[in-house]
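got a predicted structure here, sequence first:
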Amino acid sequence: MPELPEVEITARLLDRALAGRRVDSALAPGINALKTYDPPLSALEGRTIAGVRRRGKNLIVDVDGDLALLIHLMSAGRLQLFDKPAGPRDRTSRLLVRFEPLAGETERPELRLREFGSKQAAWVKLLPAGQLEQDEALAKLGPEAWPDPGSAEELRELLDAPRPLHSLLRDQRTIAGIGRSWVDEILWEARLSPYKRGADLDPEEAVALREAIVSTLDGAIRHYEETVALPIPDKLPMPLKVHRHEGEPCPRCGETLRAVHFEDYVVAYCPREQTDGRVLKDRRLSRLLK
């Protein structure tokens, strides 16, 4: 699932390319993706894009005239700008916003929400700007994880619950933007066990965790600024050190990285630096032994 760094670079690149452009037409070929009907998509026609921004894992396309597109990519969605409209055989498009050509352009550029796989979970809403923050997708979000998650003490209070840090940091109602990939990187950077309970964080650990959140996400965004340009690729070059690297040496200490596998996600960690040398029980094996 695209997380804060991936959504942030998408918003930045699209904002630079689309701010000030006039909408020619808007269509929703993937009708299941469109979650609103009033105002209709046709209300976008003739209006100008004011900008593109991010809130948590959500993308917001602000439109002059007090409208906004609220978009969530879910696990397999991508919001990309192409220099010409999609062809008639395209089966991945869920939303198509076409723009009037500028001087020198021979085609109408197209902002395309595409989705891969069979789940079709990505969604888009067209809302009056005044209703945007009241939408449940934004109203329930916790504070932003980046660029400033608050002081170490504020973060400690935010995470003061009898739940594992890995779960708490992925809970968008607690703190917005972090998901399965970057939580592994953050906890590894902070040298904290994924199963340490938030309520057990001491002040020094809270300082380390705050620094890890900011530096990890900031580093990822800077990496994307240097390596990603339009058209945004389907798969971004994620600078991961731990996540997806099970069985490889830890970049810091050389210990073999381990992982705990769940049905739909994986927890990656370094036993030496995060769990006092303990190898956590793999849940796949646990199920087999029952």
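Alright, I've got the coordinates. Numbers count the residues shown, from 1 in each chain.

hey, C-alpha coordinates of stretch 183-194 in PDB?
Output of stretch 183-194 as PDB, limited to C-alpha atoms (Å, rounded to 0.1, in the frame of the first residue of the first chain):
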ATOM      1  CA  VAL A 183       6.800   0.900  10.400                       C
ATOM      2  CA  ASP A 184       9.500  -1.800  10.100                       C
ATOM      3  CA  GLU A 185      12.000   0.800   9.000                       C
ATOM      4  CA  ILE A 186      11.100   3.200  11.800                       C
ATOM      5  CA  LEU A 187      11.300   0.600  14.600                       C
ATOM      6  CA  TRP A 188      14.500  -0.800  13.300                       C
ATOM      7  CA  GLU A 189      16.000   2.700  13.200                       C
ATOM      8  CA  ALA A 190      14.800   3.300  16.800                       C
ATOM      9  CA  ARG A 191      16.100  -0.100  18.000                       C
ATOM     10  CA  LEU A 192      12.700  -1.000  19.400                       C
ATOM     11  CA  SER A 193      10.800  -4.300  19.400                       C
ATOM     12  CA  PRO A 194       7.700  -4.300  17.200                       C
END
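
neighbouring contacts of that stretch?
Contact with stretch 183-194 is made by 164-166, 169-170, 178, 205, 208-209, 211-213, 215-217, 220, 240-243, 260, 267-270, 273-275, 280, as judged by C-beta atoms under 8 Å, 6 or more residues apart in numbering. No exception for glycine: its C-beta is placed from N, CA and C like everyone else's.

same question, stretch 22-41
Identification of contacts with stretch 22-41 by C-beta under 8 Å, 6+ apart yields 42, 44-49, 63, 67, 90, 93-100, 108, 113, 115, 120, 122-128.

now the buried members of these.
Neighbour-count burial (16 or more other C-beta atoms under 10 Å) applied to the contacts of stretch 22-41 gives 44, 48-49, 63, 67, 93-99, 113, 115, 122-127.

nearest spatial neighbour of residue 130, skipping sequence neighbours?
residue 66 (6.7 Å; C-beta to C-beta, 6 or more residues apart in numbering).

all helices of the protein, in order?
Counting by DSSP state H, one finds helices in the chain at the ranges 4-18, 136-139, 152-158, 165-170, 180-190, 203-227, 271-274, 283-289.

of these, which approaches residue 250 most closely?
Smallest distance to residue 250 across those (C-beta to C-beta): 6.7 Å, for helix 271-274.

not counting the closest one itself, show me its contacts.
For helix 271-274, contacts defined as C-beta under 8 Å, 6+ apart pick out 187-188, 191-194, 250, 252-253, 255-256, 258, 277-280.

generate a ChimeraX selection restricted to the buried subset of the residues you listed.
Listed next is the ChimeraX selection for buried residues among these, using 16+ other C-beta under 10 Å:
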select :187,188,192,193,194,250,258,280
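
which among the contacts of helix 271-274 gets closest to residue 84?
residue 188 (42.4 Å).

so what pLDDT did that closest one get?
pLDDT, residue 188: 98.

how close does it get to residue 279?
As for residue 188, its distance to residue 279 is 15 Å (criterion: C-beta to C-beta, to the nearest Å).

distance of the closest residue to residue 275 other than its chain neighbours relative to residue 274?
Of all residues not flanking residue 275 in the chain, residue 193 sits nearest, at 4.9 Å (C-beta to C-beta, 6+ apart). Look at residue 193 and residue 274: by C-beta to C-beta, they are 5 Å apart.

likewise for residue 218?
In this view, residue 218 and residue 274 are 21 Å apart by C-beta to C-beta.

compare these two (neighbour count), which wins?
Neighbour totals were compared for residue 218 and residue 274, and residue 274 leads with 26 against 13 (other C-beta atoms under 10 Å).

what's the spacing between the more buried one and residue 267?
10 Å.

try residue 83
For residue 83 relative to residue 267 (C-beta to C-beta), the value is 41 Å.

comparing those two, which residue is more hemmed in?
Just comparing residue 83 and residue 267: by other C-beta under 10 Å the higher neighbour count belongs to residue 267, 23 against 13.

what's around residue 166, how many residues?
Quick note: residue 166 (other C-beta under 10 Å) scores 21 neighbours.
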